[in-house]
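In: From the sequence below, what's the structure:
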Amino acid sequence: MAMLVYCVKIETSLLPIMALQAILVHSTAQGGTIHKFPVKQGERFLGCYLGTCKFSNNIADATADLASLEPPVKKSES
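Out: Sure, this is the predicted structure:
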């Protein structure tokens with residue numbers, strides 16, 4: 001299980017401001033990922049591709065958002 005920690009820099013120290021348990025729920029052949037984060041109201045999903053990420057309220061929206069971030073897959077001609 002991965003731990004994602006957001007930090008803030010105060011003078012010379014990095015201090016954690018939020019720690020969330022990220023659970024990988026999907027990855028694509030192109031390297032995109034969707035992680036699930038537990039929150040008080042249920043769960044949120046984070047779809048990322050090459051450093052561009054978007055939070056969604058459900059897995060269907062996260063999957064659609066990830067598809068819009070990734071380039072289309074070219075089908076080989078037979």
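
In: Residues contacting stretch 31-41, please?
Out: Defining contact as CB atoms under 8 Å, 6 or more residues apart in numbering, one finds that stretch 31-41 is touched by 2, 4, 20-27, 43-50, 59, 62-63, 66, 69-70. To be clear about C-beta, it is placed using only N, CA and C from the backbone, and glycine gets the same treatment.

In: beta partners of the residue positioned nearest the centre of the chain?
Out: Centroid check for the chain by CA atoms, centre = their mean gives Leu46 as the closest residue, at 3.1 Å. On DSSP bridges, the residues paired with Leu46 through beta bridges are His35, Phe55.

In: Quick check: beta-bridge partners of His26?
Out: Ile34.

In: ugh, wrong one, I meant Gly42
Out: Bridge pairing for Gly42 - DSSP bridges - gives Val39.

In: Just give me the neighbour total for it.
Out: Neighbour count of Gly42, defined by other CB atoms under 10 Å: 8.

In: What does the pLDDT read for it?
Out: Gly42 is assigned 81 on the pLDDT scale.

In: got it, and Cys48?
Out: Per-residue confidence (pLDDT) for Cys48: 92.
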